[in-house]
Structures are given as structure tokens and as C-alpha cells.
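J.: Sequence and predicted structure below; questions after.
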Amino acid sequence: DVKVTQSSRYLVKRTGEKVFLECVQDMDHENMFWYRQDPGLGLRLIYFSYDVKMKEKGDIPEGYSVSREKKERFSLILESASTNQTSMYLCASSPWGTRSYEQYFGPGTRLTVT
Amino acid sequence: AQRVTQPEKLLSVFKGAPVELKCNYSYSGSPELFWYVQYSRQRLQLLLRHISRESIKGFTADLNKGETSFHLKKPFAQEEDSAMYYCALRGSGGSNYKLTFGKGTLLTVNP
């Protein structure tokens, strides 16, 4: 059973703080993704990675960075959190190749920036 | 550029009624289309893909290239179908491990 875990379910941070969101998958997937999920805006891709140390910007990368030092772990970093980054953050992973469409999602981290 | 449009944010039907969740797409090549679903307090998960032409939980979806649509249908809705539904597109070529999602439709099936 594919498992994607995220380090926190709920997180409250102050404006200007550096925030780390961690995601770990145990299925040896090559691809990993970070999304924001906001009401009325759906899922928006922030960053994705198709291999260790490789990353590509998604649709809304501004204010975020990522790190993938190990295959199973993909971290999202908010360098200086702002209130407009209050959101639900979803991590996902998928295998390489023809089944890459099947993304497995984590439970989400609800981040509140005050 | 690829785009997925779900025109309805909210859809409410009664149990036993037919349901259709609309999805339109824009893509210059030959896309693959998918439906993902998120039930309350559960993770987002794949529901079905157009290539398999399968029925999952009574839902079907047909890719209509002429109308660039991939609507999700079920003849008799059940209360347990209440969820958020996202249509997603995968393009061809180098970035085909990436999905583009629509904004989602929240389906409520009333008793």
C-alpha cells in the first residue's frame, strides 16, 4: 500500500518565519510534487521533482523553494512566510513512465500564517 | 498551454438522480484525461482514466475530442458519492509526468 506522509497535519507560523514542510514516500517513486489547495482555486502546482536533486517550477513557485536530497523525501520551504501563504499543502508522488499519471497524495498540511 | 475547466464549483442532486460533472480541456496535442476524487477527511485519489474506459463506483467518463470534454457521469447518485471531484489532464511529450488539474466541483448528494 502506497504511503505518502507529511510531517504535520496542522501548522501555525508567524509572518516572516522560515517554514519547512516535509514529505516522505515509501514506494520508491521518482516523481514528487507539492501543491496548494485553496477553495475555488483547486490544486495549483508549486514545484515538482523527477529525480534526486532535480526540481522544476510549477505554476506558482514564487515565495517557495524545495529540496530533494534523498529519493523518498521532498521538502517545501517557505523562506519568509506571509499571510497569503495560508493554505492546505498537499504532497504527492508518482512512478516514472506510463503510470506517472497515478499520483498518490499525502493527507495534507494545513498551514496558517498569522 | 494546457488548461482544464470545470464550470461548476458546486453541484447538488438528490439520491437516485443522475449526475454529470462537467470538464472541458484545452490542449494542442493528444491528452490523457483523468478524474480524481477527495471524500471528506480522506486523501485525494485517482477515480478513473479515459484510456481504460472502465466504470468505477458506477461512474463513467467519455473523452469527446470534438467537444474537448471529459464529463463524469453516474446514472443514479448515492449519498456516498458526495465529494470534491477534480478533472486532470496529462499532456504528451517531455513533461508528461505532470498533471494539470481543474478547480474542482463539490458534489453533494442529498437524501
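T.: Okay, I see it.

J.: Can you report how many residues neighbour B:K65?
T.: By other C-beta atoms under 10 Å in any protein chain shown, 10 other residues sit near B:K65. Heads up, the C-betas are built off the backbone N, CA and C, glycines and all.

J.: what's the answer for B:L48, then?
T.: Residues near B:L48, counting by other C-beta under 10 Å: 20.

J.: Now name the helix or strand holding the residue nearest the centre of chain A.
T.: Nearest to the mean C-alpha position of chain A, counting by C-alpha atoms, centre = their mean, stands A:W34 at 2.7 Å. If you go by DSSP states H and E, A:W34 is part of strand A:31-38.

J.: hmm, back to that, thinking the residue nearest to the centre of chain A is in contact with A:S67, fair?
T.: No. With contacts counted by C-beta atoms under 8 Å, A:W34 stays clear of A:S67, the gap being 11.0 Å.

J.: Test of understanding: give the bridge partners of the residue of chain A found nearest chain B.
T.: As assessed by C-beta to the nearest C-beta, chain B sits closest to A:G42 within chain A, at 3.5 Å. Assessed by DSSP bridges, A:G42 has beta-bridge partners A:D38.

J.: thought it was touching B:K103?
T.: Yes. Using C-beta under 8 Å, A:G42 is in contact with B:K103, at 3.5 Å.

J.: so what sits against both of these two?
T.: Common contacts of A:G42 and B:K103 (C-beta atoms under 8 Å, 6 or more residues apart in numbering or on different chains): B:Q6.

J.: Which one's more surrounded, those two?
T.: The neighbour count for A:G42 versus B:K103, taken as other C-beta under 10 Å, is higher for A:G42 (22 against 19).

J.: and that one, what does it touch?
T.: For A:G42, the contacting residues are B:6, B:86, B:101-104, by C-beta under 8 Å, 6+ apart.

J.: rewinding a little: name the residues linked to the residue nearest to the centre of chain A by a beta bridge.
T.: A:Y47, A:C91.

J.: Check the spacing between it and A:G58 real quick.
T.: Applying C-beta to C-beta, to the nearest Å, the value for A:W34 to A:G58 is 8 Å.

J.: same deal with B:S55?
T.: Between B:S55 and A:G58 the computed distance is 32 Å (C-beta to C-beta).

J.: that older thread, who touches both of A:W34 and A:S67?
T.: Taking C-beta under 8 Å, 6+ apart as the contact rule, A:W34 and A:S67 both touch A:F74.

J.: List the buried residues for stretch A:77-84?
T.: For stretch A:77-84, the neighbour count (16 or more other C-beta atoms under 10 Å in any protein chain shown) marks A:78, A:81 as buried.

J.: what about that stretch, start to end distance?
T.: 15 Å (C-alpha to C-alpha, to the nearest Å).

J.: how close does B:Y86 sit to chain A?
T.: Separation of B:Y86 from chain A (C-beta to the nearest C-beta, to the nearest Å): 6 Å.
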